[in-house]
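Visitor: Test case, fold it:
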Amino acid sequence: MREEREQYYIIFENWSLDPNQWSMVMDGTAVLLTLFGFIIALLLYRMQRNDKSEDARRFFQASLPELKASILHAISDLEAFTKSLELDNVVDPVLSVSLNDNFLQKVNLVALNRYYVSQEKEKLPHYIQLLVDSNFFGDYRDYITNQVKYFRTAYLEKQQSSQPLEQMKVKIKSIVKKDITRFRDIVQNLEALMD
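Guide: Coordinates of the predicted model:
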């Protein structure tokens, strides 16, 4: 008696395969499906990264007008402060609470950087400069408040002791004028970034 071999075939009997060939077809199919799955996953990942960078850019762009308005108010307040120094009627500059870098904490900076690197390379230097400037205007409110408090204290002490105040006024005016110039540069940078 003769034992019959098992015959495997795909669609037609003429396409019969022995077990080794069948195993190779299944393995090849599994490898192809794995590759297709990997390619689809990679495409979805890239699409998700692009969506995140677009979302980060939209939020960033929406935050810029308020930041610009805060900086313009800070400039006018600092100019009023320097004029009040000249008139010996010192008023404290009232800087906007929105003059901070908190909005940068809410933005995915990696995704935003990815957007500027891939989509708007011509604006990348302005974006990088804004990140550098954010350290300045983020801490400026506390800095200028402390400087004005110090100046007021020293001003009152020297006024009572009748020592010359001109040198102190000149020094604080020069500091504030440099800060105003820096703020104006920041506004120009913001305008270059805004759509």
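
Visitor: What segments of this structure are helices?
Guide: 19-86, 102-106, 109-118, 124-161, 166-193 (DSSP state H).

Visitor: Quick check: which ranges of this structure have low pLDDT?
Guide: Within the chain, the ranges that satisfy pLDDT under 70 run 1-17, 88-92, 94, 96-101, 158-165.

Visitor: can you redo the helices of the chain as CSV with mean neighbour count and distance to residue 93?
Guide: Every residue, glycine included, has its C-beta placed from N, CA and C. What follows is these, written out as CSV (neighbours: other CB atoms under 10 Å; distance: least, CB to CB, whole Å):
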stretch, mean neighbour count, distance to residue 93
helix 19-86, 14, 4
helix 102-106, 12, 20
helix 109-118, 17, 30
helix 124-161, 14, 6
helix 166-193, 15, 8
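
Visitor: how about the ones you listed in JSON lines, adding distance to residue 95?
Guide: Below are the helices of the chain laid out as JSON lines (distance: least, CB to CB, whole Å):
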{"stretch": "helix 19-86", "distance to residue 95": "5"}
{"stretch": "helix 102-106", "distance to residue 95": "14"}
{"stretch": "helix 109-118", "distance to residue 95": "25"}
{"stretch": "helix 124-161", "distance to residue 95": "5"}
{"stretch": "helix 166-193", "distance to residue 95": "11"}
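
Visitor: how about the most centrally placed residue in the chain, what does it touch?
Guide: In the chain, the residue lying closest to the centroid (CA atoms, centre = their mean) is residue 109, at 4.4 Å. For residue 109, the contacting residues are 56, 131, by CB atoms under 8 Å, 6 or more residues apart in numbering.

Visitor: Distance check, it against residue 142.
Guide: Counting by CB to CB, to the nearest Å, the gap from residue 109 to residue 142 is 23 Å.

Visitor: repeat for residue 114
Guide: Residue 114 is 32 Å from residue 142, by CB to CB.
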